[in-house]
Structure formats: C-alpha cells, structure tokens
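S.K.: Provide a 3D model corresponding to the input given below.
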Amino acid sequence: MTTDSGAAPPRRVNPLSATAIAVVLTLGVIYTVSQFLRNSVGVIAPNLAEEVGLSPMQLGLLSSIYFFCFAITQLPLGVALDRFGPKRCMLASVGFTVLGCVLFAAAQSAGGLVAARALLGFGTASFLMAPVALYARWFPPERFSTLAGIQIGLGSLGALFATSPLAFATATVGWRATFLGVGVLAALIGLMIWLIVTDDPPGVKTPPRHETLREGIAGIWQVMRTPSIGRVFMIQLSSYPSYVLIVGLWGGPYLTHVYGYDLQGRGDILFVAAVTQVVGAFFWGPSDRLFGRYKVPVMIGAGTCFTALTMLATIGTLPLPLLLAVFVMLGFASGMTSVVMSHGRSLVPSHLLGRTISLLNIGTMGGGFLVQFVSGTVINLFPSQNGVYPLEAYRMVFALQATLVLIALLVYFGSREKHLAD
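M.R.: Here you go, the predicted structure:
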C-alpha cells in the first residue's frame, strides 16, 4: 500500500493550462542540457583520443566521472529538495553547469577534461530530480509518471543532439566552441527558471520543513529500509546505464573500429537510438496506467534491453538493418525510467519524495559510472592496433552488461507494488 504523511498542497493546476505548459517546457529544456552533456563523449571520443591523447581507460574515466559525481550528489540533493525546494536547487546547479562547460572547452589535458566533466556531473545533478519533485507538488499523484515521462522525453532531445548534430557541430566549429555554446544556453535557461518557475502551484504555499541534519539522514535511512526499494533500485542500476554505456561512450568507437564509420556515420546511427529514446520516454510515461501496474512495463523494457545486448554480444558483426534494430531497441527501452521512479514513489510517504527519487537516481547514474569505468578497463585488456580495438573486446563488454540486466530482472521480479487499478 502507498503510505502518505506530511501535508501536501492542493493540486490545483490543470496540466494543459498555459502556466503548467510553460513551466514543464522550461524544466524539460534544462534537462535537455543535462542529457546532452551526459551523452556527449560517445560521438567525439575518437576526436578526444586523437587530440588530447586519451587511452580507453582514460576515455572510460572521462565519461564515467560525470556519472560518479552525479550519483554521489543525489542523497544530499534529496535532502535539499525536501528542505529548500526545487527552484533554489536548480538555480545553484545552473551556475556549476555553466562553469563546467567553460572549463571543458578550455581543457588541454586529460586531467583538465576529467575535472570539468566531474563539475558537470555535480552541476546537472538536479535537472531531473528537481523538476519531478516540483511536478509532485503541482499535479495529482496519478499524473506523476506521465509528467516524469514528458520530462524525460523532452530531456532526451539532449541525447539526440549529442549524436549526429554534435558530430556536425564538431566538424563545423569544433567541440570546444560547441561546449561554450551549451554553457551560454544553460545560463539563459537558468534565467527563465528564475523568472517563471515556482516551487508550489499558483495560490498555494507549502510550509517549509525545518529538519535537522539528523532528521534528514534519518529520512534517507527510512527510504532505504522501505520494502522493495532495493529491488526497484537494482533495475535502475542496470537498464538505463545500458543505454549510456553504448550511446554515451562505446557506441562511437564500436561503430568506427568494427564497421569503419566516420564521425558523421557513427553520429547518424547513434541519432537513431536517441530518437527512439525520445519516443520511448513518451510511450512509457503513461504505460503504468495502461497496464494498471508498474512491473509489467518495466519488465518488458528491461527484457528488450537484455535482448539487444545479447544480440550484440553473440552475433558478432551485424548487417546494417539488424544493427539499426538493436540501437532502436536500446533507445526505446531506456525510456521506461519514469515508470521505475513512479514505482519507487508509490512505496514511500510523500514528505520523503525528494530523497526517494534521488536514491533511485543513484542507481541510474551510479550504474552509469560503474559500467563505463569497468568497460574501459575490460576493453583495455585487449591488444589494439593503431588505437583500434577488436570486435571481441566490445562483445565482452556487451555480454557483461547483458548479464547485469538479467540479474536485475530476476531481482526486480520479486518486488511488491500497489496495482493502480486497485
């Protein structure tokens, strides 16, 4: 059963009102920046390796450090969301994101790039959690998954821009100028958040929570002890990280080393995965209401992800139609994150919402760090020829990830849920 404690403001906002649409679009666009930065290494990885002289382990660290810093920020962010509100958290995050973009564009060494990526991970940590926490204040609970799906869908446009459009921008003005432009965009969106976003819907004021540090930590522990939260966390640790493992990092080198694609060619194929992620996010958002429960759509999505990874690991070199189908499956399956968050949200009291979704996001981003860092180490075990790694190296990475997804599926199968139709 869903528990609920703590006073919640009346849900007075029509999701189709002009005010609601303006707020959702603004928050969706700031998440677009986060998704772009999260996935941007995949397309330009060969360029970074050549220009700065990065090894596979350094590329793995460069991409994964973003996820590590993003993940370790989540629990304190959850406390901050519940105590200070989503708007303040987002405005502070924008400043760090802009600084990270500038430092990344100016970096001349592997250490400089890694430091800038770490700052970007820290800076963008609130761009999904803060908006969905705000949606929980503005809209009825039964709309939460749909709104979270819209947020993820809009944000996934950033992953789309990190594919073929990033390849075009890199070829045209260079990756450094591109990241400076993203920093300017982030600053402009921050201004829009300051002007039009409020923590509570118009005419409603939530009394501030005056928690002590000890009470904040106790709330985290309460969430962690909630039955089935660990099982839901496990699916977060494996499914979406499968997407960022490939589209966000190794997809570009894999397509170049195994299939011979150039910058634009690999960008086009990754673009296909990013488009289907956007479509998937909008599809999965309301799917919990369609099925009347959470577990069915989540297991369908995770099963699709497992199938795609297994095909990459076992078939070898794929013909183009099958290769495209695998990237479509990976992109589409990754959009189910909103349903996983809704499942977790349904298990805890509303006053612990920020900490709950932040804890689950540790699974998403911590999993991204784990699989990217480990995969870089694995690929580095294989001999390279002029910086090109063999197909067997990538197949090993895909097989390990498929195994992780399968284990997560088996764990998640035993989770409890409240059927929405009850």
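
S.K.: going forward, measure contacts and count neighbours with C-alpha atoms only.
M.R.: Noted.

S.K.: Run through the helices of the stretch 251-400 of the chain in chain order.
M.R.: Using DSSP state H, counting those that start in this stretch, the helices assigned to the stretch 251-400 of the chain run over residues 251-259, 263-284, 287-291, 295-315, 320-334, 337-345, 353-380, 391-413.

S.K.: so what secondary structure elements neighbour the fourth one?
M.R.: Secondary-structure packing of helix 295-315 (3 or more CA pairs under 8 Å, 6 or more residues apart in numbering; DSSP states H and E): helix 229-245, helix 287-291, helix 320-334, helix 337-345, helix 391-413.

S.K.: what angle separates it from helix 391-413?
M.R.: 160 degrees (axes from the mean of the first three to the mean of the last three CA atoms, to 10 degrees).

S.K.: Name the residues that touch helix 295-315?
M.R.: 235, 239, 242, 284, 287-288, 291, 318, 326-327, 329-330, 332-334, 336, 339-340, 343, 394-399, 401-402, 405-406, 409, 413, 417 (CA atoms under 8 Å, 6 or more residues apart in numbering).

S.K.: quick one: contacts for the spatially closest residue to Val328 that is not a sequence neighbour?
M.R.: Nearest non-adjacent residue to Val328, counting by CA to CA, 6 or more residues apart in numbering: Ala273, 5.0 Å away. By CA under 8 Å, 6+ apart, the contact list for Ala273 reads Leu160, Val247, Phe327, Val328, Met329, Leu330, Gly331, Phe332.

S.K.: Poorly predicted segments of this structure, please.
M.R.: Residues of the chain meeting the criterion pLDDT under 70: 1-16, 203-217, 350, 354, 418-422.

S.K.: go again using 50 as the cut-off
M.R.: Residues of the chain meeting the criterion pLDDT under 50: 1-10, 421-422.

S.K.: hang on, the earlier thing: tell me which of the helices and strands packed on helix 295-315 sits nearest to Leu91.
M.R.: helix 337-345 (23.3 Å; CA to CA).

S.K.: elements contacting the closest one?
M.R.: Using 3+ CA pairs under 8 Å, 6+ apart: helix 337-345 touches helix 144-161, helix 229-245, helix 263-284, helix 295-315, helix 353-380.

S.K.: now the residue lying closest to Gly267 once chain neighbours are set aside: how far from Met57?
M.R.: Closest residue to Gly267 apart from its sequence neighbours, by CA to CA, 6+ apart: Ser164 at 4.0 Å. Distance, Ser164 to Met57, by CA to CA, to the nearest Å: 25 Å.

S.K.: Please identify which of the two sits among more neighbours.
M.R.: Ser164 (22 against 18; other CA atoms under 10 Å).

S.K.: Leaving out sequence neighbours, find the closest residue to Val29.
M.R.: That would be Gly155: by CA to CA, 6+ apart, it lies 6.3 Å from Val29.

S.K.: count of neighbours near that neighbour?
M.R.: Quick note: Gly155 (other CA under 10 Å) scores 26 neighbours.
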